[in-house]
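Engineer: generate a structure from the sequence data that follows.
(chains A and B)
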Amino acid sequence: MTASTVKIRTRFAPSPTGPLHLGNARSALFSFIFSRQNSGQFILRIEDTDLERSDPVFEKDILEGLKWLGINWDEFYRQSERLDIYEKYLKFLLAKKVIFWCPHSEKELALERQAKMAKKEPPVHICPHRDETLVQDPKNILRFRNDAGENIVFDDLIRGRINFSPKILGDFSVAKNLRSPLYNFAVAVDDSETKISHVIRGEDHISNTPKQILIQEALGFQRPFYAHLPMILGQDRSKLSKRHGAASLLEYRKLGYLAEAVLNFLILLGWHPKDEKEIFTMEEILKEFILDRVQKGGAVFNIDKLNWLNREYIKKLDAPDLSSRLEEYAGKWTRQIKNDPEKWLKIAALMRERLTTLAQAGENMAYFYEEPYFSKELLFWKEEQNAENILRHLTYFYSLFEKFDEKEWIKEKFSKEVMAYADKEGRGWTLWPLRAALSGRKTSPDPIDIAEILGKKETLSRLKKAISLFS
RNA sequence: GGCCCCAUCGUCUAAUGGCUAGGACAGCACUCUUUCAAGGUGUAAAUACGGGUUCGAUUCCCGUUGGGGCCGCCA
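Structural biologist: Okay, here's the model as predicted:
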């Protein structure tokens, strides 16, 4: 079997026991990309065999996260709906005496494990009842009668040959009972039943692979290709988790990251195209991606790089696109935005180069919709000591703006005169107080742009208010 | 503890036997500039260590060290 002769089918198999996590999202992404560029199928399989911990809420979160990133699946399975299939294979293996009922309690097993570890032996259970034919009983579980002698060897597409001694596996568990398969068993069955050609998953599954191979072999299944991706690490270089801050994918959406940026970021963690390009579209990824170029070592999650990418993607958005994406982050200004879409478009265009995340829009747009409050000191630029000067400039600007027609209030009309005055009197000394008077902030876009958006009436009113601070 | 995986600037990475070890993010400096952002220019910063192999090792081999993962009736 070679990659060129098989139909490429990859899968992403999350368990709905928590929200979709960045690391998982990346595994899904790599699998998805690999299937798409080989015109294969991408299968989504929900691993909800653990009824206790599985929750439909998380399943929903996972589906939503994948859709957000644009990762679409061709087939969908839920393990809890496939119990008949697992039962069939379990019975088959039971009849072949490849699996058996093990009567040991969890407590006994824990004790045994402890003792073995103390003796520096692999903490595995080799069941004394493996040759007996015990029957089903709520106390018993099904274990694999592991007699494998030779090393289990598989060729990982990213790491090369990997070798395991089967002895360290012991008689591993495969199911709690005929209707409750355990992870490794369900995976082996499903990967084969759904004809998965390439299992692309996180490095944390390397040590599960020999168990799955043993089950495949007992069942006479064909072995898929394996590719184990490096982990995404937190700042402390341990597996990324909740304690490293936002780990859930959808949280990044809430924080105002663009799906395109997150996607680009995720693919860059562990993979890089031949050239030095860092920003690319899905089409470009599909064209260039190759498993051989995937990194082997874990990659530390770096929010600075994500922020940079997000800024880059925001800058590329045109004003209408940005403004509509920004709407859900507008908060209490939502109604004003809808009332005056033209004004909103201009605001969005101004914010474009200043946003790292969409969520920052809320605080950066307030002064366009409500009158800012500030103290007189704000109007003083740098070393400016003279209040008279500020008053003079503001008064000049007031009379300047006053003479322009409210109906033709665009910056092209008045910017020339504003700048002529600024150049004559000193830009900083004049433009700073003007900008501060209009925005009420130390930092903001250009006063001319702000004046245009505010309109004649509001511009004059704010200037008047600033002037009044001096009387 | 056992087994497995990994190792280039702070971080993500390029260079798979041959230029001065390249790029990006972050940092710093300068520049542009009314502020912020963006932009421009520049700068500092790495092959973990020790042995081999070789005319020549980031690259191949061995060892050491370090980091990570897994060791469930979770997935």
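
Engineer: sec struct for residue A:19, please.
Structural biologist: Residue A:19 falls in the coil class when you classify it by DSSP: H, G, I helix; E, B strand; the rest coil.

Engineer: is the residue nearest to residue A:135 when sequence neighbours are not counted in a helix, a strand, or coil?
Structural biologist: Computed as Cβ to Cβ, 6 or more residues apart in numbering, the closest residue to residue A:135 that is not its neighbour in sequence is residue A:101, at 6.6 Å. (C-beta placed from N, C-alpha, C; glycine too.) Secondary structure for residue A:101, judged by three-state DSSP, is strand.

Engineer: report the beta-bridge partner residues of residue A:101.
Structural biologist: Beta-bridge partners recorded for residue A:101 (DSSP bridges): residue A:142.

Engineer: tell me the pLDDT at residue A:137?
Structural biologist: pLDDT recorded at residue A:137 is 86.

Engineer: contacting residues for the residue nearest to residue A:135?
Structural biologist: A:129, A:133-137, A:140-143 (Cβ atoms under 8 Å, 6 or more residues apart in numbering).

Engineer: for it, give its distance to residue A:92.
Structural biologist: Distance, residue A:101 to residue A:92, by Cβ to Cβ, to the nearest Å: 15 Å.

Engineer: show residues contacting the helix or strand harbouring residue A:315.
Structural biologist: Following DSSP states H and E, one finds residue A:315 within helix A:303-316. Helix A:303-316 is touched from outside by A:245, A:252, A:256-258, A:260-262, A:264-265, A:268, A:278-279, A:322, A:352-353, A:355-358, with contacts defined as Cβ under 8 Å, 6+ apart.

Engineer: show the subsequent helix or strand relative to that helix.
Structural biologist: Moving toward the C-terminus from helix A:303-316, the next helix or strand (DSSP H and E) is helix A:319-326.

Engineer: that following helix and RNA strand B in contact?
Structural biologist: No: Helix A:319-326 does not reach RNA strand B (Cβ under 7 Å from any atom of the strand); its nearest approach is 13.5 Å.

Engineer: any idea which helix or strand comes after that helix?
Structural biologist: From helix A:319-326, the next helix or strand downstream (DSSP H and E) is helix A:334-339.

Engineer: next up, the contacts around residue A:471.
Structural biologist: For residue A:471, the contact set (Cβ under 8 Å, 6+ apart) is empty.

Engineer: give me the neighbour count for the closest residue to residue A:288 other than its chain neighbours.
Structural biologist: Computed as Cβ to Cβ, 6+ apart, the closest residue to residue A:288 that is not its neighbour in sequence is residue A:273, at 4.5 Å. For residue A:273, the neighbour count with other Cβ atoms under 10 Å is 17.

Engineer: give the contact list for residue A:273.
Structural biologist: Remark: with contacts taken as Cβ under 8 Å, 6+ apart, residue A:273 is in contact with A:280, A:284, A:288, A:293.

Engineer: could you list the low-confidence segments of chain A?
Structural biologist: Applying pLDDT under 70 to chain A flags residues A:1-5.

Engineer: need the longest helix for it.
Structural biologist: Assignment by DSSP state H gives helix A:447-468 as the longest helix of chain A.

Engineer: next, see if that one gets close to RNA strand B.
Structural biologist: Yes: applying Cβ under 7 Å from any atom of the strand, one finds helix A:447-468 touching RNA strand B at A:447-448.

Engineer: which residues sit against stretch A:67-78?
Structural biologist: By Cβ under 8 Å, 6+ apart, the residues outside stretch A:67-78 that reach it are A:12, A:25, A:28-29, A:32, A:41-46, A:48, A:66, A:190, A:194, A:249-250, A:253, A:259, A:262-263, A:282.

Engineer: for stretch A:208-219, same thing?
Structural biologist: Residues contacting stretch A:208-219 (Cβ under 8 Å, 6+ apart): A:89, A:92-93, A:96, A:98, A:144, A:146, A:148, A:152, A:154, A:162, A:164, A:166, A:169, A:172, A:174, A:183-185, A:187-189, A:191-192, A:221-223, A:226, A:228.

Engineer: which of those residues count as buried?
Structural biologist: Buried subset of these (neighbour count, 16 or more other Cβ atoms under 10 Å): A:89, A:93, A:98, A:144, A:146, A:148, A:152, A:154, A:162, A:164, A:166, A:169, A:172, A:174, A:183-185, A:187-189, A:191-192, A:221, A:223, A:226, A:228.

Engineer: out of those, which are close to RNA strand B?
Structural biologist: Contacts with RNA strand B within those, counted by Cβ under 7 Å from any atom of the strand: A:162, A:164, A:183-184.

Engineer: of these, which belong to helices?
Structural biologist: Among those, the members falling in helices (DSSP H) are A:183-184.

Engineer: which two in the ones next to RNA strand B among the buried ones among the contacts of stretch A:208-219 are spaced the farthest apart?
Structural biologist: A:162 and A:183 (19.4 Å; Cβ to Cβ).

Engineer: for chain A, which segments count as strands?
Structural biologist: Using DSSP state E, the strands of chain A run over A:9-12, A:41-46, A:75-78, A:99-102, A:141-144, A:152-156, A:160-164, A:173-177, A:180-181, A:198-202, A:225-229, A:232-233, A:299-300.

Engineer: just name the most buried of those.
Structural biologist: strand A:9-12 (a mean of 25; mean count of other Cβ atoms under 10 Å).

Engineer: which residues touch it?
Structural biologist: A:24, A:27-28, A:31-32, A:34-35, A:40-45, A:66, A:71, A:73, A:191, A:194-200.

Engineer: re the thing from before, and the gap between the residue nearest to residue A:288 and residue A:280?
Structural biologist: Residue A:273 sits 7 Å away from residue A:280, taking Cβ to Cβ as the criterion.

Engineer: overlap of the contact sets of those two?
Structural biologist: Listed as contacting both residue A:273 and residue A:280 by Cβ under 8 Å, 6+ apart are residue A:288.

Engineer: tally of neighbours for residue A:389?
Structural biologist: 17.

Engineer: closest to RNA strand B among the ones next to RNA strand B among the buried ones among the contacts of stretch A:208-219?
Structural biologist: Among these, residue A:183 lies closest to RNA strand B (Cβ to the nearest atom of the strand), at 3.2 Å.

Engineer: was I right to think that closest one contacts residue A:48?
Structural biologist: No: using Cβ atoms under 8 Å, residue A:183 makes no contact with residue A:48, being 11.2 Å away.

Engineer: ok, for the residue nearest to the spatial centre of chain A, nearest residue in space, not its chain neighbours?
Structural biologist: Compute the mean C-alpha point of chain A, and by Cα atoms, centre = their mean the closest residue is residue A:249, 3.6 Å away. If the residues on either side of it in the chain are set aside, residue A:249 comes closest to residue A:65, at 4.2 Å by Cβ to Cβ, 6+ apart.

Engineer: from residue A:255, how far off is the one you found?
Structural biologist: Noted for residue A:65: a distance of 14 Å to residue A:255, by Cβ to Cβ.

Engineer: how about residue A:324?
Structural biologist: 18 Å.

Engineer: so who does the spatially closest residue to residue A:55 that is not a sequence neighbour touch?
Structural biologist: Distances taken as Cβ to Cβ, 6+ apart place residue A:16 nearest to residue A:55, at 5.9 Å, with adjacent residues excluded. Residue A:16 sits next to A:46-48, A:54-59, A:62 when contact means Cβ under 8 Å, 6+ apart.
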